[in-house]
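*Asks:* Sequence and predicted structure are below.
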Amino acid sequence: MFLLDWLFGRRHDEPQAAPAHAAPEAGPCAPGTSIRYSADLIEHLVRDHRSMLDCVGEIGRAARSGRLDEAVPLLERFRTDLHGHLLVENVRLYVYLEHTLASDPASHALMHEFRHDMDEIGKKVVAFLTRYARLGEDPSLAAGFVADLDAVAAALADRIRREEDVLYPLYAPAA
């Protein structure tokens, strides 16, 4: 329940103690939503990025060393981390930006372009994770794994760089 409270913002008429990891409610809601600006959201998303890139690096090192038994649980960790990150990003960032950038056509269009692009990258990464979910059980999957992992890692690193440089600076308290 705390994750949902953090994602959607705790209602003020419900007395609840916020968990230590919850983002503070620091500003007004985005117009037409109950999603509040969170001063530490971008920091949280950037930490997720670093953690996911580190995990992909660990997967690559294990796979290149022939330690697929180590790569398999790391793939599952990456899948879990990615899904959690995308959920937070889709609700806390994109929905918030959708409403707060409504009066700025250029920024609004840029945000939509990022969101569409992320949907496409997300589909490719999920397809990769689905394809290699049985990596530990099916030795025939090992042959193409490192090359496919390298392609996913490159796309992910490029996407992360663009998000952090271009999209995340658009996130600001609602006026």
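*Replies:* That came in fine, so what should we check first? Numbers count the residues shown, from 1 in each chain.
*Asks:* residue nearest the centroid of the chain?
*Replies:* Centroid-nearest residue in the chain: His85, 3.0 Å away (criterion: CA atoms, centre = their mean).
*Asks:* So it is in contact with Asp48, correct?
*Replies:* Yes: taking contacts as CB atoms under 8 Å, His85 lies within contact range of Asp48: 4.3 Å. Yep, even glycine has a C-beta here, placed from its N, CA and C like the rest.
*Asks:* can you pull the buried residues of the helix or strand containing Ala153?
*Replies:* Ala153 belongs to helix 142-162 when assigned by DSSP states H and E. For helix 142-162, the neighbour count (16 or more other CB atoms under 10 Å) marks Phe145, Asp148, Leu149, Val152, Ala153, Leu156, Arg159, Ile160 as buried.
*Asks:* Same check on stretch 43-50?
*Replies:* Neighbour-count burial for stretch 43-50 [16+ other CB under 10 Å]: His44, Leu45, Asp48, His49.
*Asks:* can you check stretch 108-115 too?
*Replies:* His108, Leu110, Met111, Phe114, Arg115.
*Asks:* now those as a markdown table including distance to Arg67 and secondary structure?
*Replies:* Listed next are the buried residues of stretch 108-115 as a markdown table, based on distance: CB to CB, whole Å; DSSP: H, G, I helix; E, B strand; the rest coil:
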| residue | distance to Arg67 | secondary structure |
| --- | --- | --- |
| His108 | 46 | helix |
| Leu110 | 42 | helix |
| Met111 | 40 | helix |
| Phe114 | 36 | helix |
| Arg115 | 37 | helix |
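*Asks:* Now flag whichever of those is closest to Leu97.
*Replies:* Closest to Leu97 out of the buried residues of stretch 108-115 is Met111 (4.8 Å), distances taken as CB to CB.
*Asks:* Isn't that closest one up against Glu98?
*Replies:* Yes: using CB under 8 Å, Met111 is in contact with Glu98, at 7.0 Å.
*Asks:* And Leu129, how far from Ala172?
*Replies:* 33 Å (CB to CB, to the nearest Å).
*Asks:* So for these two, which sits in the more crowded spot?
*Replies:* When neighbours are counted by other CB atoms under 10 Å, Leu129 and Ala172 differ, and Leu129 comes out ahead with 16 against 12.
*Asks:* How about the contacts made by the more buried one?
*Replies:* By CB atoms under 8 Å, 6 or more residues apart in numbering, the contact set of Leu129 is Leu75, Phe78, Arg79, Leu82.
*Asks:* quick one on the thing from earlier: farthest-separated two in the buried residues of stretch 43-50?
*Replies:* Going by CB to CB, the pair spanning the buried residues of stretch 43-50 furthest: His44 and His49, at 10.0 Å.
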